[in-house]
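> would you be able to build a 3D model of this:
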Amino acid sequence: MLEALAARLKEVVDRDDDASDSDTSIGEAQTNRFNKLKRKSRFVSKGRLNVGGGIQTDTTQTFYGSKKRATITSRRYHNASSDDEDAYHDIAIEEILAPINDPAEVVAHPAHRITFRRQTLPLLASHALQTISTEHEHRVQLSRLLTAFLGDDPSLIMQTYEKEIAGTSLQIPLGLAANVVEDGAVPVKAMTRKGAAAEENSALAEEFVTPTYDRNLGIPPDEAEEARRLLQAALDRSEEYLRCMQRVRSGLVKADRYRKRTWRWAKDSLQANDKNDN
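Residues are numbered from 1 along each chain as shown. The predicted structure follows:
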């Protein structure tokens, strides 16, 4: 019994820190919670990924870029290797991350030159304009539907009426003008015709009163009122969305204008420097 315990203790002491009775590995998990008995679980904790390159944790201090850095592993080059085999041999990090000391350097800078010549801002402004147009059409449809629910839809109110009304002319015959007496009095017959014309005009005005329709459109009153409330809320949100999108597009257009102006300024500065050098 004691010999078995001693052998077990010796096995525990001699085994590696990463040793485990489990045959499965923790894999790409970002925490060792519920996985502490798996292999490689000691090198994983919340907020820290697993160590790259296996279980190697020995680091060496090296100086790179005038700074002291901890290096886990170094890339080794063989004598037979060539630059063609390295896909990153033509990438100069120092040039890409180099600061700008003069506006003329923007034209020749590998990173900033691409940024200022890229057409991303005009494309985003065009997409924003298309979105605004689509949302405006949607808003018009919502507004028309809400107008119909409020009882003010012109297409339902102003219907075409074809009525022929006889005797609606109010023109005085030429013969009536000769019947006017010297003191300006008009014969009783002419006044009677004028009164009849006024009565006919009043009757016609009553016939052409603006018609009405069922503003609930055949929907129960409670549901129609709920539809009006939802339509008003949707219309308010659509208007707010349009205002925000117009503000975004204005910012994109302004940024694109500044981009062109800065690029033109950098090119002019480069030309001025070339003239001064000559």
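
> shaky segments in the chain?
1-2, 12-59, 65, 72-86, 153-214, 278 (pLDDT under 70).

> ok, 90 please
1-118, 141-228, 231, 262-263, 266-278 (pLDDT under 90).

> surely residue 121 touches residue 258?
No. Using C-beta atoms under 8 Å, residue 121 is not in contact with residue 258; the gap is 9.4 Å. In this view, the C-beta of every residue, glycine as well, is placed from N, C-alpha and C.

> these two: which is more packed in?
For residue 121 versus residue 258, the count of surrounding residues by other C-beta atoms under 10 Å is larger for residue 121: 18 against 11.

> any idea how far that one is from residue 239?
26 Å (C-beta to C-beta, to the nearest Å).

> so what's the residue count around residue 104?
Neighbours around residue 104, by other C-beta under 10 Å: 19.

> sorry, slip of the keys, the one I care about is residue 125.
Residue 125, neighbours per other C-beta under 10 Å, totals 19.

> residues contacting it?
Counting by C-beta atoms under 8 Å, 6 or more residues apart in numbering, residue 125 touches 249, 252, 253, 256.

> wait, a strand at residue 90?
No. According to DSSP: H, G, I helix; E, B strand; the rest coil, the state of residue 90 is coil, so it is not within a strand.

> that older thread, can you tell me which of the contacts of residue 125 are buried?
Neighbour counting by 16 or more other C-beta atoms under 10 Å classes 249, 252, 253, 256 among those as buried.

> which SSE is the last one in?
Same thing as residue 256. helix 221-277 (DSSP states H and E).

> so which elements touch that helix?
helix 105-108, helix 110-117, helix 120-149 (3 or more C-beta pairs under 8 Å, 6 or more residues apart in numbering; DSSP states H and E).

> what angle do that helix and helix 120-149 make?
160 degrees (axes from the mean of the first three to the mean of the last three C-alpha atoms, to 10 degrees).

> neighbours around the nearest residue to residue 92 once chain neighbours are set aside, how many?
Excluding the flanking residues, the one nearest residue 92 by C-beta to C-beta, 6 or more residues apart in numbering is residue 110, at 7.9 Å. Number of residues near residue 110 (other C-beta under 10 Å) recorded here: 11.

> residues touching residue 110, list them.
92, 95, 96.

> nearest spatial neighbour of the second one, chain-adjacent residues omitted?
Pointing back at residue 95 there. residue 110 (5.8 Å).

> kindly report the same for residue 63.
Distance criterion C-beta to C-beta, 6+ apart; nearest residue to residue 63, sequence neighbours excluded, is residue 69 at 7.5 Å.

> tell me how far the one you found lies from residue 60.
The value you get for residue 69 to residue 60, if C-beta to C-beta is used, is 9 Å.

> the residue nearest to residue 63: what secondary structure?
Following three-state DSSP, residue 69 is assigned to strand.

> just give the number of residues close to it.
11.

> do the same with residue 4
Residues lying near residue 4 (other C-beta under 10 Å) number 8.

> then the one 3 residues further on?
For residue 7, the neighbour count with other C-beta under 10 Å is 10.

> check which helix or strand it maps to.
Using DSSP H and E, residue 7 maps to helix 2-14.

> please put the alpha-carbon coordinates of the following helix or strand past that helix into CSV.
Later in the chain than helix 2-14, the nearest helix or strand by DSSP H and E is strand 60-64. What follows is strand 60-64, C-alpha atoms only, in CSV (Å, rounded to 0.1, in the frame of the first residue of the first chain):
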residue,chain,number,x,y,z
THR,A,60,13.9,36.1,-24.3
GLN,A,61,14.5,39.8,-24.2
THR,A,62,15.6,41.3,-27.5
PHE,A,63,16.0,44.8,-28.8
TYR,A,64,14.0,45.6,-31.9
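
> flag every buried residue along strand 60-64.
Buried residues in strand 60-64, counted by 16+ other C-beta under 10 Å: none are found.

> check which helices and strands that strand is in contact with.
strand 67-71.

> by contact count, what packs against the helix or strand that comes right after the strand it packs on?
Scanning forward in sequence from strand 67-71 by DSSP H and E, the next helix or strand is helix 93-96. Where contact means 3+ C-beta pairs under 8 Å, 6+ apart, helix 93-96 is packed against helix 110-117.

> I'm done for today, thanks for sticking with me.
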